[in-house]
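>>> sequence and predicted structure, then a few things I'm wondering about:
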Amino acid sequence: MFCKPSEPKLASDHATLAETLRVLEQRRRMLRWMAGLGVAAALPVRSFACTLIPSETGGPYPGDGTNGPNVLTQSGILRSDIRASFGSAGTTVASGTLNTIKLKLLSATDTSCGIVEGLAVYLWHCDAGGGYSLYSSGVTAQNYLRGVQVTDANGEATFTSIYPGCYSGRWPHIHFEIYAAVADATSGRNAIRTSQIALPQAASQSVYAQSSLYPGSAGNLSQVSLASDNVFGDDGGVYELGTVTGDNTGGYLTTLEVGVAIDSTSDRIFGDKFEA
């Protein structure tokens, strides 16, 4: 018979940041150990996912109209498979190792950490060479690796994509914006939250060992860390570090539980741009 180990807990509601991060890391290790036993599916939602996801920069290549082009207003942006360009940009498919990205949105205002259905998620990232469609040299005419999905009854938004490359100065990452509804997302207005997914080192090293497919990524990764990254460095990406499973042959699955400031039992939104 399997006995679930005691979940690490804070000794006090007034614990220091260092103590909080230590307990969170213990919880993460416990979950990984249980996943190895094949029982992770029976676990409750991770309590730290109920914490509001940190607000991060959309970076210089958002494609949401805040810095140049706005892909969100283009017909076809609502899609789950984001590997190819669409519309007037053609149908070029970004090369790279298959990566399915799944975000699970959870209420940061519910004590039950309830799932949140019906929110729109705009997700984008660089290609295997580190370039961003619409912006980077050689791919300004492309709009691949960008798309919008709506969270389902499980609070999940799923994208079929590739594993992004690692460019100089940044830890491997994926950008996303959360909107109250598709109408908001496709107009590129009033994002509830903008944040990023940090990709784990081991999986990234495995992907980047394919040097012909990911030129320069292995070297770039070796020169940066989560602690030195200008986005994740403030807390080591503790709330944004995705879980990645799979391999280069069959592809990868990247998952992250995202706490959002919305009451899952109503339509009340408590984000930066919405108040109860």
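Nice, thanks for sending it over. This one's a predicted model, so the numbers in the text were calculated from it and none came from an experiment.
>>> residue 188: neighbour count?
The tally of other residues near residue 188 (other C-beta atoms under 10 Å) stands at 20. Any C-beta I mention is one placed from the backbone N, CA and C, and that applies to glycine too.
>>> try residue 83
20.
>>> check residue 182 too.
The burial count for residue 182: 16, using other C-beta under 10 Å.
>>> and what of residue 87?
12.
>>> now do the same for it: its pLDDT.
We have a pLDDT of 97 for residue 87.
>>> beta partners for the closest residue to residue 98 other than its chain neighbours?
Closest residue in space to residue 98, ignoring its immediate chain neighbours: residue 251 at 3.1 Å, by C-beta to C-beta, 6 or more residues apart in numbering. Counting by DSSP bridges, residue 251 is bridged to residue 247.
>>> residue 251 and residue 97 touch, don't they?
Yes: the pair residue 251 / residue 97 is scored as a contact, 6.5 Å apart, by C-beta atoms under 8 Å.
>>> the two: which is more packed in?
Shown here are residue 251 and residue 97; by other C-beta under 10 Å, residue 97 has more neighbours (22 against 14).
>>> for the spatially most central residue of the chain, which residues make a bridge with it?
With distances taken as C-alpha atoms, centre = their mean, residue 197 lies nearest the centre of the chain, 3.4 Å away. In this entry, residue 197 is beta-bridged to residue 174, by DSSP bridges.
>>> number of nearby residues for residue 223?
10.
>>> and the pLDDT for it?
At residue 223, pLDDT is 98.
>>> the one 10 residues further on too?
The predicted local distance difference test score for residue 233 is 96.
>>> and for the one 5 residues further on?
Per-residue confidence for residue 238 comes out at a pLDDT of 93.
>>> so it versus residue 175, what's the distance?
18 Å (C-beta to C-beta, to the nearest Å).
>>> so which helix or strand takes in the closest residue to residue 57 other than its chain neighbours?
Leaving aside its sequence neighbours, residue 57 sits nearest to residue 231 (C-beta to C-beta, 6+ apart; 6.6 Å). Under the criterion DSSP states H and E, no helix or strand holds residue 231.
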